[in-house]
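S.K.: Let me see the structure of the following:
(2 chains, ligands or ions: 2)
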Amino acid sequence: MPRLNAATRHRVAFTLNGKPVSLEAEPRLLATDALRHGLGATGTHVGCEHGVCGACTIQIDGQPARACLTLAVQLEGAAVTTVEGLAPERDRLSVMQAAFRRHHALQCGFCTAGILVSLDAYLREQPAPSEQELREVLSGHLCRCTGYTPIIRAALEAAACLRGEPLSQPSDREPAHV
Amino acid sequence: MKIETISWTGQSLERVEDAALLTGRGRFIDDLGVRPGTLHAAILRSPHAHADILAVEVSAAAAMPGVAAVIIGRDLARLTTPMVAGLKVAVENWPMAVERVRYVGEPVAIVVARDRYLAEDALDAIEVEYGPLPCVVDPLASLQSDAPVLHDRAGGNLVSDRRFRYGDPEAAFADSAHRVEVTIAYPRNTGAPMETFGVVAEYDPHEDAYDILANFQGPFSIHAVLARSLKVPGNRLRLRMPPESGGSFGVKQGVAPYAVLIGVAARIAGAPVKWIEDRLEHLGAAVAATNRVTTLKAAVTADGRITALDWDQIEDCGAYPRAPEPATLYRMHGNMTGAYDIASIAIRNRVVLTNKAPTGLVRGFGGPQVYYALERLMQRIAVELELDPLAVIRTNLIPGGAFPYRTASGALYDSGDYVQAFDLALAEGRLADLEARRDAARAAGRRYGIGFAAVVEPSVSNMGYITTVLTAAERQKAGPKNGAQATATIALDPVGSVSVHVASVPQGQGHRTVLAQVVADVFGLPCEAIRVVVDLDTGKDAWSIASGNYSSRFAAAVAGAAHLAATRLRDKLAAIAGSQLGVEPAQIGFAGGAVFAKGDAARTLPFGRVAALSHWSPALLPAGVDQAIRETAFWTPPELSAPGEDDAVNSSLCHGFIFDMAGVEVDVETGKVRIDRYVTMHDCGRVLHPGMVEGQIRGGFAQGLGATLFEELAYADDGAFLTGTFADYLLPTATETPDIEVLHIETRSPFTPLGAKGVGEGNCMSTPVCLANAVADALGVAELKLPLTPARIAALVAAPEPALPETHRQRTGGLGAAKPGDRALRGQGQAEVAAAPDAVWAMLLDVDTLASIIPGCHGVSKLSETHFKADVTLGVGPVKGRYKAQIRLSDLDAPRAATLSGSVWGALGTGGGSGRVTLTPAGEGGTLVAYSYEAAVGGKVAAIGGRLLDGAARAIIGQFFAALARRASPARPGFIARMLGRRP
Ligand code: FES
Ligand code: FES
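M.R.: Numbers count the residues shown, from 1 in each chain, chains lettered A, B, ... in the order given. Ligands and ions are numbered 1, 2, ... in the order given. Predicted structure coming up:
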């Protein structure tokens, strides 16, 4: 990595949701600020700026990462995916997004972007997760509104749907106890 | 006239809000663009719990790049007046400290700069000289006569003391077969929405007007307070809210003081100013729920019937009684008997101030504090009288036929059938299943307990309840306050489409969807045809002081007002259509997007045509119809009257009912509480959207669970705030939050337009005590202190710990014994240095050497032979800052030993400590330097968490000795590798 000078701005170029983007960034500029205020991709949210809440989760080269703990200059050359890149088209929802809407898996929606981005990466690796596995993935995200259960329901249903299985009846599910 | 054909209301429709939120197109405050030239603010906060501000030096900060203004308390005081409080006491509620700081995290200065990074840089350059004062953090200690007084002019920390008496409590206690008593210290916690506060403010000097965008939960009751504080009439303070909010749970009412601060910053800077709060600021200084010490006594008959309650509540409002406090203490005033039929109550309510952040609205608002005491008491009655806890609850429940029911302290419970709800919750094998699980677990030697809680959930607050804090004579003088004005506007545009505006700022609950459902039903339109706009502007939207989205009033009051406005407009449209179709308005129906003469299919008009008529052809309006363009309805229920002469108050309009039961298992090894089963039964009147009601219940449950097991805004004895990150203030995650069973019965409220009641807060009231009752049952203990952390559980179940070995006690004793809650950092270690003891000794006393070996040192000056001053930059975890340090040497025993004591202070915090260093000759002419230290920290850094601090202290001290060793033997590279023999 080239040595960066704290006092000057550096050009950072990467792809954001498949499109090439670039901006001028001081070395200390956080990736969250670069995405949100530099590039106008305000879907990624900031809930704590210390790596705990997960609201700022983005994918860097397919791997989930906390954008609040990432510097903008670290995005150089990477493929970055944010919540804005999850739907197949601007006026449609992804399978997971639609399941969230059906199950009321969001209220204020502030935590939702990070959760969707995490689940997107996770389901690529584990297309058939158990409820317990999903709870563990979700435990990297704080949601203060929903009590999580609707999120789990939505994620299980979306995973099944992505595997091509028919929708199960939510009432078939035994309540889970953690 | 029943003309709705499809009832959207009551269906779990997908929310209109969701598509934007799911695709990253939400419009939260920090997502909205700002005007070009907008500057950014950062706030310097007090590291002291209590201190006089002796001097503030801002010139270095003001000269830094990009800085437009630095504002301190004096500047604020010049342009504003203190914010009025709900109490008549001699306390100045400044939103930023003027002469004295009274809690850690209190704003002291604001920097306005070109961007946030530059503003934060400049904070470090502000020098504040504090004169620390003794502080008090415990509400009981604050009542003592020798306690430090926060506000000298108030004369003491007790700012309100009122006694109430309803029925004949003395006689009931005198006659009672039993008396049962609980004492509870309910902790501080908060709603912790995922989005923090944000404000963008602008000031027009020609019109002397402020325009402030803030993510308020609802600015209505606070608008008057803010206008007065900013010294402008209400019509020169325009408060606007963004379309979306990232949760509030009451807390976002607390953005109010920042509206003043950023408004003034914009005025001084001469440009729009934006400020987004960070998480540390939020946890430390936004809004806390009150912590409360309650002693509750019951007079009980032999068969467990309660004849009287005696409440003694000591409410801790923190450093300033900020409006609407002491509302937390009075919101429940009408329902202090909970779900029970109890004829007599005595209440003593005291409000005290302590050196902690001010309190305010947090979901549950007074309910958790009250019901925790009341329902713990119910369990204790069962235990002490050896009765079945369910029997104790059932005998005391208000009977089914008693509604509307007037409580002893004046609430009018609108509707309910508590006994039926209770019986249903236990039925269908639910209780049997719980008991079987308990018996099996206990048979296997595990600690399993069952808890219950019955709670009345008040909603739609009576504006006047807060005046119960005043005496009847004081109320008389101030003029009566009452009611719950809600408002909604329905507008028809020239193409006949329908828009809805309400004065209720949603915080993620889905208001737009429900309002569309309610209004679509009135007009017989498809739900998608209704457009609801909820971002609010006090400068041009209809609102009133009681408007807003608090006390769970949306479904009951706001959706009801929308229904009312829509119905009025529909009646006008019926008159218009009647005149067009030649039938009586009463014969007009609305369905499927059409307006028609009932029973005559040929006479039909499209809805849009009738709806647009007032725009296009007002001459065709029938007599008696002025216009059918826009209808604003205000609604306030007559049941909400002002408190009476006798202090009886109907504090809320609606009263839902909740009965919860839980089975928990406590792992005595780890102290973990596992929730095995949780059942929650609700009666919230008519359910407008089942999915959202369930969402409220599950979300409230999760917050209640957090309050029970994890969450506390904790302070050290010296007032240091200890839980400033989400690694310290723990919220439940998906692995701690179990699925729960939600049940309903429905008794509609006769007092609300739609029969609905509030449902948003109930589980914050019922869940903590239900779980605590279960844990008490599992462990067979009487006293529990929330949150039930593993350490607290371990202390309840564990055998007493073996005494410390003698040597260890001596060692720590020598450094000052640790107090409970003390956050001292302790450590010891040794290092080998390749120089003789006298050489090392000389180095330790030499300014230049010290300057080169103290980590992060920018220079040392010698005040005397044994007294040094240094300037250092230290980093602790994510918080790096510049500090001033003083070091003194004492107990000198040259060249063998010395005691070093020192203190550091800076914008980020303070610290102090001492250590003993001993030098002993080691092999090859070297010296073994051994040290032990004890240090304590306060201020912002203290909120970071013990583990990080400990690690940082070790690292810094390690660096010091490594540098000493390096300096002592510069010619021997590689020596460092073998010289550090530090023990952890
Ligand atoms: S904002 Fe990045 S984890 Fe919270
Ligand atoms: S939906 Fe509000 S924080 Fe998750």
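S.K.: What score does the residue in chain A positioned nearest to chain B have for pLDDT?
M.R.: Using Cβ to the nearest Cβ, the closest approach of chain A to chain B is made by A:Gly43 at 2.0 Å. Any C-beta I mention is one placed from the backbone N, CA and C, and that applies to glycine too. According to the prediction, A:Gly43 has pLDDT 98.
S.K.: what residues are up against it?
M.R.: Going by Cβ atoms under 8 Å, 6 or more residues apart in numbering or on different chains, A:Gly43 touches A:Thr82, A:Val83, A:Glu84, A:Ala113, B:Thr23, B:Gly24, B:Arg25, B:Gly26.
S.K.: Near A:Gly18, how many residues? Count them for me, please.
M.R.: Here the neighbour count serves as a burial measure; for A:Gly18 (other Cβ atoms under 10 Å in any protein chain shown) it reads 9.
S.K.: Chain neighbours aside, what residue packs nearest to the most centrally placed residue in chain A?
M.R.: The C-alpha lying nearest the average C-alpha coordinate of chain A belongs to A:Val117 (Cα atoms, centre = their mean; 2.2 Å). The shortest distance from A:Val117 to any residue that is not its chain neighbour, by Cβ to Cβ, 6 or more residues apart in numbering or on different chains, is 4.8 Å, and that residue is A:Thr57.
S.K.: Backbone dihedrals for the one you found, both of them.
M.R.: phi -60, psi 130 (degrees, to the nearest 10).
S.K.: Looking at chain B, what residue ends up closest to ligand 2?
M.R.: Of all residues in chain B, B:Met194 sits closest to ligand 2, with a separation of 4.1 Å (Cβ to the nearest ligand atom).
S.K.: can you list the weak-confidence ranges in the chain?
M.R.: You didn't say which chain, so I picked chain A. Low-confidence segments of chain A, defined by pLDDT under 70, are located at A:1, A:168-178.
S.K.: my bad, chain B
M.R.: For chain B (pLDDT under 70), the answer is B:1-6, B:799-824, B:876-880, B:906-909, B:938-948, B:969-984.
S.K.: For it, what lies in contact range of ligand 2?
M.R.: Those residues of chain B that sit near ligand 2, judged by Cβ under 6 Å from any ligand atom, are B:Met194, B:Gly247, B:Gly508.
S.K.: For B:Asn157, state which of these is nearest.
M.R.: Using Cβ to Cβ, B:Gly247 is the member of those that lies nearest B:Asn157, at 32.8 Å.
S.K.: Count the residues that sit near that closest one.
M.R.: Per other Cβ under 10 Å, the neighbour tally for B:Gly247 reads 27.
S.K.: helix/strand/coil for it?
M.R.: With DSSP: H, G, I helix; E, B strand; the rest coil as the basis, B:Gly247 sits in coil.
S.K.: That one reaches A:Cys145, doesn't it?
M.R.: Yes: using Cβ atoms under 8 Å, B:Gly247 makes contact with A:Cys145 at a distance of 5.6 Å.
S.K.: Mind listing the shared neighbours of those two?
M.R.: A:Gln107, A:Cys108, B:Met194, B:Gly508.
S.K.: Excluding covalently adjacent residues, which one is nearest to the second one?
M.R.: Nearest residue to A:Cys108, sequence neighbours excluded (Cβ to Cβ, 6+ apart): B:Gly508, at 2.6 Å.
S.K.: and B:Ile43, what element?
M.R.: If you go by DSSP states H and E, B:Ile43 is part of strand B:39-45.
S.K.: List the contacts of residue 81.
M.R.: Here I'm looking at chain A. A:Asn17, A:Ile58, A:Gln59, A:Gly62, A:Val117, A:Asp120.
S.K.: not quite, I wanted chain B
M.R.: B:Arg228, B:Ser229, B:Lys231.
S.K.: before we move on, what about B:Phe659?
M.R.: With contacts taken as Cβ under 8 Å, 6+ apart, B:Phe659 has the following neighbours: B:Tyr418, B:Ala421, B:Phe422, B:Ala425, B:Phe452, B:Ala453, B:Ala454, B:Val455, B:Thr680, B:Met681.
S.K.: same thing but 7 Å
M.R.: B:Phe659 sits next to B:Ala421, B:Phe422, B:Ala425, B:Ala454, B:Met681 when contact means Cβ atoms under 7 Å, 6 or more residues apart in numbering or on different chains.
S.K.: Make sure I have this right: the second one is in a helix.
M.R.: Spelled out, it's B:Phe422. Yes: when three-state DSSP is applied, B:Phe422 is found to be in a helix.
S.K.: what's the closest non-adjacent residue to it?
M.R.: B:Phe659 is the one closest to B:Phe422 (Cβ to Cβ, 6+ apart), at 5.0 Å.
S.K.: Show me what that neighbour is bridged to.
M.R.: B:Ala454, B:Met681 (DSSP bridges).
S.K.: Flag every buried residue along stretch B:541-554.
M.R.: Applying a neighbour-count criterion of 16 or more other Cβ atoms under 10 Å in any protein chain shown, the buried positions in stretch B:541-554 are B:541-544, B:546-554.
S.K.: err, stretch B:636-644, not the other one
M.R.: Judged by neighbour count using 16+ other Cβ under 10 Å, the buried positions of stretch B:636-644 are B:Thr636, B:Pro637, B:Glu639, B:Leu640, B:Ser641, B:Ala642, B:Pro643.
S.K.: Stretch A:40-54 too?
M.R.: Along stretch A:40-54, these residues count as buried under the neighbour rule (16+ other Cβ under 10 Å): A:41-54.
S.K.: circling back to that earlier point, could you identify which of the contacts of A:Thr81 has the most neighbours?
M.R.: Of all these, the most densely surrounded is A:Ile58 (30 neighbours; neighbours counted as other Cβ under 10 Å).
S.K.: Name the residues that touch the helix or strand harbouring that residue?
M.R.: Taking DSSP H and E as the criterion, the element that holds A:Ile58 is strand A:57-60. With Cβ under 7 Å, 6+ apart as the contact definition, strand A:57-60 has outside contacts at A:44, A:64-67, A:75, A:78, A:80-82, A:114, A:117-118, A:121.
S.K.: which helices and strands does the strand holding B:Ile43 pack with?
M.R.: Counting contacts by 3 or more Cβ pairs under 7 Å, 6 or more residues apart in numbering or on different chains; DSSP states H and E, strand B:39-45 is packed against strand B:107-113, helix B:116-123, helix B:256-269, strand B:273-276.
S.K.: Now secondary structure too, for the buried residues of stretch A:40-54, in a markdown table please.
M.R.: Output for those, formatted as a markdown table (three-state DSSP):
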| residue | secondary structure |
| --- | --- |
| A:Ala41 | coil |
| A:Thr42 | coil |
| A:Gly43 | coil |
| A:Thr44 | coil |
| A:His45 | coil |
| A:Val46 | coil |
| A:Gly47 | coil |
| A:Cys48 | coil |
| A:Glu49 | coil |
| A:His50 | coil |
| A:Gly51 | coil |
| A:Val52 | coil |
| A:Cys53 | coil |
| A:Gly54 | coil |
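S.K.: Just confirm B:Arg531 is within a strand.
M.R.: Yes: B:Arg531 sits within a strand when classified using three-state DSSP.
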